[in-house]
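**Student:** Prediction below, plus the sequence it came from.
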Amino acid sequence: MLLDVRDLRVEFRTRDGISRAVNGVSCTVDAGETLAVLGESGSGKSVTAQAVMGILDMPPGRITGGEILFRGRDLLRMKEEERRRLRGAGMAMIFQDALSALNPVLSVGDQLGELFVVHRGMSRKAARAKAVDLMERVRIPGAAQRVRDYPHQFSGGMRQRIMIAMALALEPALVIADEPTTALDVTVQAQVMDLLAELRREYRMGLVLITHDLGVVADVADRIAVMYAGRIVESAPVRDIYKAPAHPYTRGLLDSIPRLDLKGRELYAIKGLPPNLSRIPPGCSFHPRCPMARDVCRTDVPPLYEVSGDRGSACHFWRECLDGGEQ
Amino acid sequence: MPEQPYEPEGAIAGTGMGGAMDLGASEATTLERAPGGPPGAGPAGKPRSLWSDAWRDLRRNPVFLLSALVILFLVFVSLWPSAIASGSPLGCDLAKSQDGPGPGAPFGYDGQGCNVYTRTVYGARTSVTVGVLATLGVAVLGSVLGGLAGYFGGWWDALLSRVTDIFFAIPVVLGGLVLLSVVTSNTVWPVIGFMVLLGWPQISRIARGSVITARQHDYVQAARALGASDSRILLRHIAPNAVAPVIVVATIALGTYISLEATLSYLGVGLKPPSVSWGIDISAASPYIRNAPHALLWPSGALAVTVLAFIMLGDAVRDALDPRLR
Amino acid sequence: MGRYVARRLLQMIPVFVGATLLIFLMVNVMGDPIAGLCGERACDPATAAQLKREFGLDQPLWRQYATYMGNVFTGDFGTAFNGQPVTELMAAAFPVTIRLTVVAVLLEIVIGIALGVVTGLRRGRPVDTGVLLATLVVISVPTFVTGLLLQLLLGVAWGWIRPSVSPAATFGELIVPGLVLASVSLAYVTRLTRTSIAENRRSDYVRTATAKGLPRRRVITRHLLRNSLIPVVTFIGTDIGALMGGAIVTERIFNIHGVGYQLYQGILRQNTQTVVGFVTVLVLVFLLANLLVDLLYAVLDPRIRYA
């Protein structure tokens, strides 16, 4: 097991009180496996990722419980120095908006090469050569010349390729990609996603793909974890989930994708808004928006029921949901 | 042309007038929001105006309350100085020169044998008058000129920008020395007039900027599309939204004008004896600092507290009015 | 780049002319330019008329200004009240004020930035609150009060420094006056650095740098500081011209015979040529410093392009 997150809890102190961003997330990623984490903004996807990487802003953030095992060792108990060495070399992250995630006043060559200087003790010259190599691997034309350019001189797609190159530079075992294509034009999205998938296969990395785009997931992910209000509400292999979701929230998400074969019909939308994380509803946090909600949902928090060997759902009525539910 | 990140407020810093500059306007980043927290967290509030929101914040801000209290006291003292000090600030007795505290004179006597306490109390009137009137003049003149430039643009805007550049290139204290050294009238008016003359470009830049921002708002475009007249758009739609930054800068500037008046009086070109001003007293006391430091310290302290109160008030108002904080 | 500089230099001309003309008018219209020439007494009418002719003061003002500026560009700044050429006064005064300004700017850089970084990284802690309060006090207390108090404490009460600076005005003697001159700007540099650091600290690229596993030190110096100092450097650059013009008060307190001292004397004796000459140079320094700041800005931030 490459990554094993157990009952992770994260809070933020805000003006309106304590915001519970992550409330007991458990998930695993095997070497070479791709896990897609799905959810609306504010569902706790990014916070979970930041907690794993150890780049959470603390304060206001605070990890209040749980374990994050990386190759069997709990990251939360590690010394900061040891954890730092792991970042970039053992696990790396791809951020959503490359323009703001890259340092505007350093050349991309400096930013890529820096990894080799710091982690591998290379000379600046050798690091620069490595940077050119990397830029060629992510197919940036004219890499040898462009290595001196600054982030703002690249197009959005090219910048995201540099971001990917930076994450893969030291061939880490685990890469977390936080909405890697959301900020890009639709035409470029597919190219970048394909490149990422290809390199992942080549390096045999575990990949956590955070997204709210179900279309992307179907192509590249092995398994899906759906998050809502800081919890994983459904976790399943990709094929199963598309065939029959076992949680009404997943069903809602799937139904809200426009489909060509249903053209002309009104698009489904999940009613209401995601809950305020400082005031998460009691019971099942999804109940105010759930078409299947009953009295028990308002009082009892559903555990993650085992649907089958590799599948779980945090819905009291997952059976009904699997069977088609009531809409 | 590169964006000039800070106003070339040239000339100003080092004189105390620079205090009107942005005191770190982007303090607003204290905003502590959970990343990924749902947008618009908090009770789906009823629409509140910027001003009532700001007032609610201010009422609970100890810095604001403290500085407002100090300012109220200063205003009271400058209106009725005789309420807390007996005698005349001009009734000096050379026999008491450099004496320590005595009855009715808790701060002692200065080199001329004047009662330091009485003079310090009466000095407040000068400072408050100069500060308030200069600020009012600067704010009105600067907002009108800058606001019109921001709204209409064109040649007027270009001309005004050049003119402000010229004013910024002249060091303030220097301009004051040159202009005021030849004035014979010993009232506050030349000092106030000079401050308005050299101070308005600062406000006009702010007003111009905020009017340009406000002009681009959709509701202004909508009003224009509905055929509202320029004057109506300016007064009803733009002014209320553009006035906040002007108020903030003007409040902080008030403190710096008080400081500038004292500086000019210290240099001998602001007010001159027999006027009563902290700057005059400090200047008069400086030759005797060895023997009578109290004559220097009390007016200096009063001056510092006054300027500090206005600057902190401006700071607090800025924090409250800055929409980025909420 | 060359074209940008050329355009900026062209734009400076009207500002330069406007500012010097303004000072020229102030001095001429409001003061009596020959008042200082007959010593402490007023000149008798015949001498006054002759002096006026001699100095071209019977000409219209615009022509006087043109003549004066024409002379300035040939290096002739006129004569000071004691008969010395103004250029000689400048040669004596500017080195002193430049030394004073250098000391002030160095103090701004070293103390201001250090305090700003420390507080920016520890926002809300006692150090931060304390320094922030201190900067507010420094900004609020007028420079001449700060100067007099420091003179009183260090010079008179404790005897660490000599209360007034010798005519040589060495760097060592100028440390305390430099601190006084820099005080308000220093407080601004602290606040500016603090805000900038605190703002950039949460930025995405700093997070990326952390995620790359860089040591904290490297994240701060190479990524955070490099970006945060851009506005600070430009502020300090713009401040150079302002400091030289603002030195009047400081130089008066510590009896330093620099630019401010000469200007003060010139104003007191209503010597037009001294005042206008010194102000002309100061305005020029101010404008050139601003231009340099703009150019420096492009070096520091590769995103800025000159069109």
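**Tutor:** Done, it's in. Note that the structure is predicted; figures quoted are calculated from it, not measured.

**Student:** all helices in chain C, in order from the N-terminus.
**Tutor:** C:2-25, C:45-54, C:61-73, C:86-107, C:113-121, C:126-140, C:143-150, C:175-201, C:204-211, C:216-218, C:226-245, C:247-253, C:259-268, C:272-300 (DSSP state H).

**Student:** Just send those back as JSON lines, with distance to chain A, mean pLDDT and mean neighbour count too.
**Tutor:** Heads up, the C-betas are built off the backbone N, CA and C, glycines and all. Shown next, in JSON lines, are the helices of chain C (distance: least, Cβ to the nearest Cβ, whole Å; pLDDT from 0 to 100; neighbours: other Cβ atoms under 10 Å in any protein chain shown):
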{"stretch": "helix C:2-25", "distance to chain A": "19", "mean pLDDT": "84", "mean neighbour count": "16"}
{"stretch": "helix C:45-54", "distance to chain A": "59", "mean pLDDT": "73", "mean neighbour count": "12"}
{"stretch": "helix C:61-73", "distance to chain A": "40", "mean pLDDT": "81", "mean neighbour count": "14"}
{"stretch": "helix C:86-107", "distance to chain A": "23", "mean pLDDT": "89", "mean neighbour count": "20"}
{"stretch": "helix C:113-121", "distance to chain A": "13", "mean pLDDT": "91", "mean neighbour count": "21"}
{"stretch": "helix C:126-140", "distance to chain A": "14", "mean pLDDT": "87", "mean neighbour count": "17"}
{"stretch": "helix C:143-150", "distance to chain A": "35", "mean pLDDT": "86", "mean neighbour count": "25"}
{"stretch": "helix C:175-201", "distance to chain A": "9", "mean pLDDT": "89", "mean neighbour count": "25"}
{"stretch": "helix C:204-211", "distance to chain A": "4", "mean pLDDT": "91", "mean neighbour count": "22"}
{"stretch": "helix C:216-218", "distance to chain A": "7", "mean pLDDT": "90", "mean neighbour count": "12"}
{"stretch": "helix C:226-245", "distance to chain A": "6", "mean pLDDT": "84", "mean neighbour count": "24"}
{"stretch": "helix C:247-253", "distance to chain A": "34", "mean pLDDT": "87", "mean neighbour count": "26"}
{"stretch": "helix C:259-268", "distance to chain A": "36", "mean pLDDT": "85", "mean neighbour count": "24"}
{"stretch": "helix C:272-300", "distance to chain A": "7", "mean pLDDT": "83", "mean neighbour count": "21"}
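
**Student:** Specify the stretch among those helices that is closest to A:Arg73.
**Tutor:** For the helices of chain C, the distance to A:Arg73 is smallest for helix C:204-211, at 18.9 Å, taking Cβ to Cβ.

**Student:** any idea which residue sits dead centre in chain B?
**Tutor:** B:Leu254 (1.5 Å; Cα atoms, centre = their mean).

**Student:** hang on, A:Leu253 packs against A:Asp213?
**Tutor:** No. If you go by Cβ atoms under 8 Å, A:Leu253 and A:Asp213 don't touch, sitting 10.5 Å apart.

**Student:** related to what we said a few turns ago, show me what contacts the residue nearest to the centre of chain B?
**Tutor:** If a contact means Cβ atoms under 8 Å, 6 or more residues apart in numbering or on different chains, then B:Leu254 has B:131-132, B:134-135, B:310, B:314 as its contacts.

**Student:** quick check: angle from the helix or strand hosting it to helix C:259-268?
**Tutor:** B:Leu254 is located in helix B:239-267, with elements delineated by DSSP states H and E. Helix B:239-267 runs at 80 degrees relative to helix C:259-268, counting by axes from the mean of the first three to the mean of the last three Cα atoms, to 10 degrees.

**Student:** Give me the buried positions along helix B:239-267.
**Tutor:** Residues B:239, B:241-267 are the ones in helix B:239-267 that count as buried (16 or more other Cβ atoms under 10 Å in any protein chain shown).

**Student:** now stretch A:297-306
**Tutor:** Across stretch A:297-306, burial judged by 16+ other Cβ under 10 Å covers A:297, A:302, A:304-305.

**Student:** any idea which of those is closest to C:Asn200?
**Tutor:** Comparing the buried residues of stretch A:297-306 against C:Asn200 with Cβ to Cβ places A:Leu304 closest, at 40.2 Å.

**Student:** what's the burial count for C:Trp158?
**Tutor:** By the criterion of other Cβ atoms under 10 Å in any protein chain shown, C:Trp158 has 9 neighbours.

**Student:** actually A:Met122, sorry about that
**Tutor:** Counted with other Cβ under 10 Å, A:Met122 comes out at 16.

**Student:** show me the contacts for it.
**Tutor:** Applying Cβ under 8 Å, 6+ apart, the residues near A:Met122 are A:113, A:116, A:130.

**Student:** So which of these sit within helices?
**Tutor:** Using DSSP H, those in helices are A:113, A:116, A:130.

**Student:** Enumerate every residue touching the spatially closest residue to the last one that is not a sequence neighbour.
**Tutor:** With sequence-adjacent residues excluded and distances taken as Cβ to Cβ, 6 or more residues apart in numbering or on different chains, A:Lys130 is closest to A:Phe116, at 5.0 Å. With contact taken as Cβ under 8 Å, 6+ apart, A:Phe116 is in contact with A:122, A:126-127, A:130-131, A:169-170.

**Student:** Do you know the pLDDT at the most centrally placed residue in chain A?
**Tutor:** For chain A, the residue nearest the mean C-alpha position is A:Ile210 (2.3 Å; Cα atoms, centre = their mean). pLDDT for A:Ile210: 89.

**Student:** give me phi/psi at it?
**Tutor:** Main-chain torsions, A:Ile210, degrees, to the nearest 10: phi -90, psi 130.

**Student:** what residues are up against the residue of chain C found nearest chain A?
**Tutor:** Chain A sits closest to C:Gly213 of chain C, with a gap of 3.4 Å, by Cβ to the nearest Cβ. Contact analysis of C:Gly213 by Cβ under 8 Å, 6+ apart lists A:84-89, A:115, A:118-119.

**Student:** thinking again about what came up before, isn't the residue nearest to the centre of chain A right up against A:Val47?
**Tutor:** No. If you go by Cβ under 8 Å, A:Ile210 and A:Val47 don't touch, sitting 10.4 Å apart.

**Student:** More neighbours: A:Leu253 and A:Asp213, which one.
**Tutor:** Using other Cβ under 10 Å, the more surrounded residue of A:Leu253 and A:Asp213 is A:Leu253, with 22 against 16.

**Student:** nearest spatial neighbour of B:Ile289, skipping sequence neighbours?
**Tutor:** C:Leu152 (4.8 Å).
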